[in-house]
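Chemist: The amino acid sequence is not available; the structure is as follows:
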Ligand SMILES: [Zn+2]
């Protein structure tokens with residue numbers, strides 16, 4: 001199924017779709033192990049850093065083969081694409097979906113950038129996500145966030161024709177120093193105002209379960225998860241390596257991969273409303 005149809009049918013059922021980043025074979029297999037276990041669909045995301053790290057074609061091939069190998073329904077998505085050129089490279093490489101992130105640009109420029117990517121993606125039948133409002137990036141002050149305004153969201157979606165919109169309702173990337181407080185009223189107002197787009201929550205790592213569930217019940221569908229995956233993978237490895245002289249990495253990595261699987265199983269239960 002096309003990602004756009006999947007997201008809108010899940011939104012109708014008040015069920016989310018988890019979008020997880022992968023960084024190497026081990027984190028990919030960790031995520032896919034969880035999706036296979038519960039039989040849930042999943043979005044596999046790559047940022048520019050992960051693309052640079054693995055190489056574009058290798059990264060896509062790894063994701064596609066992984067989906068086949070684990071028998072999971074899934075889509076490959078560019079996370080936080082910063083330019084038309086990068087989005088174009090990903091479309092050429094066979095991505096199902098691309099995000100163009102102009103959230104730090106003025107409204108009009110964000111709209112123009114998004115329009116260009118929507119135009120290019122159309123000939124590939126690819127899905128496009130944009131961001132309006134601002135979700136603080138890693139290392140940026142959370143005070144820098146700017147909530148999405150419902151009337152702007154409406155105009156943005158109408159004039160760009162974008163499929164999915166990442167909105168700012170109180171999350172931030174990375175871990176939180178204080179518990180986040182999602183603005184569910186604002187989410188409801190955005191959902192009431194905007195037709196023909198599905199909604200994306202960035203920065204879900206560390207958001208309490210009850211708030212994540214409330215966001216999905218009120219119209220969020222795609223839920224992005226990255227920081228917690230990196231964190232549990234590396235923390236598990238660090239623990240093993242301080243106690244162990246093992247040099248066969250094939251005996252060491254599976255424990256970290258399994259830790260990712262356990263984490264993602266829990267997130268899939270929340271996102272799929274179980
Ligand atoms: Zn994000």
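Modeler: On my side now, so go ahead. None of the values given here were measured: they were computed from a predicted structure.
Chemist: What does residue 166 show for phi and psi?
Modeler: The phi/psi pair for residue 166 (degrees, to the nearest 10) reads phi -80, psi 130.
Chemist: what's across from it in the sheet?
Modeler: Taking DSSP bridges as the rule, residue 166 bridges to residue 131, residue 200.
Chemist: low-confidence ranges in this structure?
Modeler: 142-145 (pLDDT under 70).
Chemist: how about the helices in it?
Modeler: 3-12, 25-38, 48-54, 56-70, 84-92, 107-122, 150-160, 184-193, 209-217, 227-243, 249-271 (DSSP state H).
Chemist: Tell me which of the ones you listed approaches residue 200 most closely.
Modeler: helix 3-12 (8.9 Å; Cβ to Cβ). Using the backbone N, CA and C atoms, a C-beta is placed for each residue, glycine as well.
Chemist: how about that closest one: buried residues?
Modeler: 3, 4, 6, 7, 8, 10, 11 (16 or more other Cβ atoms under 10 Å).
Chemist: hmm, back to that, deepest of the helices of the chain, which one?
Modeler: helix 25-38 (a mean of 22; mean count of other Cβ atoms under 10 Å).
Chemist: Name the surrounding residues that touch that one.
Modeler: The contact list for helix 25-38, computed with Cβ atoms under 8 Å, 6 or more residues apart in numbering, reads 20-22, 41-42, 44, 62-63, 66-67, 69-72, 74, 229-230, 233, 253-254, 256-265, 267-269, 272.
Chemist: change it to 6 Å
Modeler: Here helix 25-38 makes contact (Cβ atoms under 6 Å, 6 or more residues apart in numbering) with 20, 22, 42, 66, 70, 72, 229, 233, 253, 257, 260-261, 264-265, 268.
Chemist: Same question for stretch 163-172.
Modeler: Contact with stretch 163-172 is made by 4, 127-129, 131-136, 142, 145, 147-148, 180-183, 186-187, 190, 197-200, 202-203, as judged by Cβ under 6 Å, 6+ apart.
Chemist: Just the buried residues of the residues you listed.
Modeler: For the contacts of stretch 163-172, buried by 16+ other Cβ under 10 Å: 4, 127-129, 131-136, 142, 145, 148, 180, 182-183, 186-187, 190, 197-200, 202-203.
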